[in-house]
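Colleague: Give me coordinates for this.
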Amino acid sequence: MKKLFLLTALFVAAAFPSCSKHDNEINEPPVPPETTPLDIAFAEGNSLQFDVDETKTVHYTITGGSDNTVVKAEMQNPDDAYTVETTPASATEGTITITAKMPESENCVVVTVSDGSQTVTAEIAVSTNPIPEELAITFAEGNSLLLNINEPKTVNYTITGGSSNTVVTAELQTPDDAYTVETVSTSTMEGTITITAKKPSNENRIIVTVSDGSQTLTAEIAVTLRAFDGKTVVVVTPGTLSQLLANYDESSITELTVIGNLNDEDIATLKSLPNLAILDMENVNLEELPANAFYNNKSLTSVKLPKTLKTIGDRAFEGCSSLTSITIPGSVTSIPIQTFDGCSSLTSVTIPDGVTTIGSSAFNGCSSLTSVTIPDGVTTIGSSAFNGCSSLTSVTIPDSVTEIYNYAFYGCSSLTSVTIPDSVTLIDENAFRGCSGLTNVTIGNSVKYIGNYAFDGCSGLTSVTIGNSVTFIDSDAFRGCSGLTNVTIPDSVTEIGKEAFRGCSLTSVTIGNGVTSIGSYAFYNCSSLTRVYCKAIVPPIIVNNTFDKVSATATLYVPTGCKAAYAAAAGWKNFKTIEETQF
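Modeller: Below is the predicted model of the structure:
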């Protein structure tokens, strides 16, 4: 037994060269044969490795010996690299606490066990790891970034020190949905952090945390939006646009995308840029464009209004004679007075579905505008709304419109046809005056009033259908419609104003049975008129010049049994031929 024990001790000593080779040797005097040899065993083994300032506890167990057993532990080579403390729990058990204080040192803890009759020594080899390289992270692109909106910026990082368990996380110091941050590790030592600015925001910081389980560090990357790159300007604080552009030659700015938060002061700054032609404000936070916002700006050619816009102020683009296109967001509900008055280069405009009113002179003088679609929600087309839109060839008036005010389409000389829906109750004076290209008109069945000069000068008009709710055709309503050859006035009409059809090329006219009076010169100079059908039982009141210069051979057709009444009535009796007919 003793020989086996000694062989084991020799093996242990050979495994830890820093320790002596007398492990577990039993000192004299020899142990009587009937006595159990004294021995000590360590639960954590005979070899320990430490990090600096790490403490480990070794649990020992003693066999043999007596109740007087004493355990003592000390360094084989005294130094201050380690501290050792022994704590017996009983005569057979206890702990030895070892703390390593210095890096890269080796030694042995010599443990002596004695019970008065036997003494045995054992050794615990100890060594300390070198201090690991301090954990660090560096960013190839630096610790401060200048970002453009919606342009991802990738930062490449490199880690030194640490272990294979290194983990990198990145997050905003101040939570903010203006930025997104994504971390991708390509190895334990390298990776990328991708930062994207999604909308205007104040400066923020990316906090990068690196940990390998034993060391943790943080680093910061400051992120700031680029204020102006020559074409795009980001305005975080309303009212600061002029400051952001202060260091630039404003005369060189011809195209500008604005992002962020604007107020009236910023709009004034935009208006003052002398050569600004293309303006994109789609991603601006602005609900109301002030009145006269870009009044008389001669350089603007294209504008995109903010998606958040609800209100356009009066005369916002009046006199912008170079403006060719504009994008109006669906949130806008009204095109107010003189919004685009005098925008003579405007060729196309999309009126959003949410608009309910097109104000007075809204598109007055937009002589290059070729087509307009008025959305279903519009109820009113204001006076002079499209006055002078001489290139306008087509217009769609939806069923929602109830009133077409005076001069609404005055001078739209290229307009070829128009249908006025049944929802319309009023066609005001001069509404389509001078629309010389208009060839046919259909007036819906809800219109009650056709204003004076409503279709005056529509010389190309060859066909007109008047709805059966019209009660009054005002003075000069169709004067000068030299292409109009026939017309039927519905029974609902009670009065035809003076000169209503003066100068028309009518060959035939039918007057409804509800008409009670016809004004002076109503059919003056309708020299081609050969047939007049008047369905009224009682001859309407007219004067001698109502049919002045009508062909002497024209025939008047009246209801059966009414010939005598017409032959005796003022004005009517001037017809040389009066015939009765069944209507």
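
Colleague: residue contacts, the residue positioned nearest the centre of the chain?
Modeller: In the chain, the centroid-proximal residue (C-alpha atoms, centre = their mean) is residue 283; its distance is 5.7 Å. Counting by C-beta atoms under 8 Å, 6 or more residues apart in numbering, residue 283 touches 149, 199, 257-260, 306-307. Heads up, the C-betas are built off the backbone N, CA and C, glycines and all.

Colleague: does the residue lying closest to residue 173 once chain neighbours are set aside count as helix, strand or coil?
Modeller: Computed as C-beta to C-beta, 6 or more residues apart in numbering, the closest residue to residue 173 that is not its neighbour in sequence is residue 205, at 4.0 Å. Three-state call for residue 205 (DSSP: H, G, I helix; E, B strand; the rest coil): strand.

Colleague: neighbours around residue 169, how many?
Modeller: Residue 169 has 13 neighbouring residues, counting by other C-beta atoms under 10 Å.

Colleague: Please apply the same query to residue 78.
Modeller: 9.

Colleague: so is it in a helix, a strand, or just coil?
Modeller: Residue 78 carries the three-state label coil when classified by three-state DSSP.

Colleague: name the helices or strands packed onto the one helix or strand residue 233 maps to?
Modeller: Assigned by DSSP states H and E, residue 233 falls within strand 232-235. Contacts defined by 3 or more C-beta pairs under 8 Å, 6 or more residues apart in numbering; DSSP states H and E place strand 232-235 against helix 241-244, strand 255-261.

Colleague: ranking these by burial, who's on top?
Modeller: Compared across the helices and strands packed on strand 232-235, strand 255-261 shows the largest average neighbour count, a mean of 21 (mean count of other C-beta atoms under 10 Å).

Colleague: partner strands of it, parallel or antiparallel?
Modeller: strand 232-235 (parallel), strand 278-280 (parallel), strand 284-285 (parallel) (DSSP bridges).

Colleague: Residues contacting it, please?
Modeller: By C-beta under 8 Å, 6+ apart, strand 255-261 touches 149, 199-200, 231-238, 241, 266, 270, 273, 276-281, 283-286.

Colleague: How far off centre is it?
Modeller: 13 Å (C-alpha atoms, centre = their mean, to the nearest Å).

Colleague: just stretch 149-163 next, same as before
Modeller: For stretch 149-163, the distance to the chain centre is 29 Å (C-alpha atoms, centre = their mean).

Colleague: and the end-to-end length of that stretch?
Modeller: 37 Å (C-alpha to C-alpha, to the nearest Å).

Colleague: average pLDDT for it?
Modeller: Mean pLDDT, computed over stretch 149-163, is 91.

Colleague: Return the set of buried residues in it.
Modeller: Neighbour counts over stretch 149-163 (16 or more other C-beta atoms under 10 Å) mark 149, 153, 155, 157, 159, 161-162 as buried.

Colleague: Residue 487 is nearest to which of the helices and strands packed on strand 232-235?
Modeller: With distances scored as C-beta to C-beta, the stretch of the helices and strands packed on strand 232-235 nearest to residue 487 is strand 255-261 (54.2 Å).

Colleague: So which elements touch the helix or strand just after the closest one?
Modeller: Remark: after strand 255-261, the chain's next helix or strand is helix 264-272, criterion DSSP H and E. Packing partners of helix 264-272 (3+ C-beta pairs under 8 Å, 6+ apart): helix 241-244, strand 255-261.

Colleague: at 10 Å what do you get?
Modeller: strand 232-235, helix 241-244, strand 255-261, strand 288-289 (3 or more C-beta pairs under 10 Å, 6 or more residues apart in numbering; DSSP states H and E).

Colleague: Can you lay out these as CSV showing mean pLDDT and distance to residue 311?
Modeller: Shown next, in CSV, are these (pLDDT from 0 to 100; distance: least, C-beta to C-beta, whole Å):
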stretch, mean pLDDT, distance to residue 311
strand 232-235, 93, 20
helix 241-244, 94, 20
strand 255-261, 95, 17
strand 288-289, 98, 4
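
Colleague: Put together JSON lines for those, with distance to residue 39 on each row.
Modeller: Output for the helices and strands packed on helix 264-272, formatted as JSON lines (distance: least, C-beta to C-beta, whole Å):
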{"stretch": "strand 232-235", "distance to residue 39": "80"}
{"stretch": "helix 241-244", "distance to residue 39": "84"}
{"stretch": "strand 255-261", "distance to residue 39": "82"}
{"stretch": "strand 288-289", "distance to residue 39": "94"}
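
Colleague: My guess is residue 115 contacts residue 38. True?
Modeller: Yes. With contact defined as C-beta atoms under 10 Å, residue 115 reaches residue 38; the gap is 6.1 Å.

Colleague: where do the contact lists of these two overlap?
Modeller: 62, 64-66, 69 (C-beta atoms under 10 Å, 6 or more residues apart in numbering).

Colleague: Now distance to residue 91 too, for the helices and strands packed on strand 232-235, in TSV please.
Modeller: Putting these into TSV (distance: least, C-beta to C-beta, whole Å) gives the following:
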stretch	distance to residue 91
helix 241-244	84
strand 255-261	81
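
Colleague: how about those, which one is nearest residue 463?
Modeller: Using C-beta to C-beta, the nearest of those to residue 463 is strand 255-261, at 48.6 Å.
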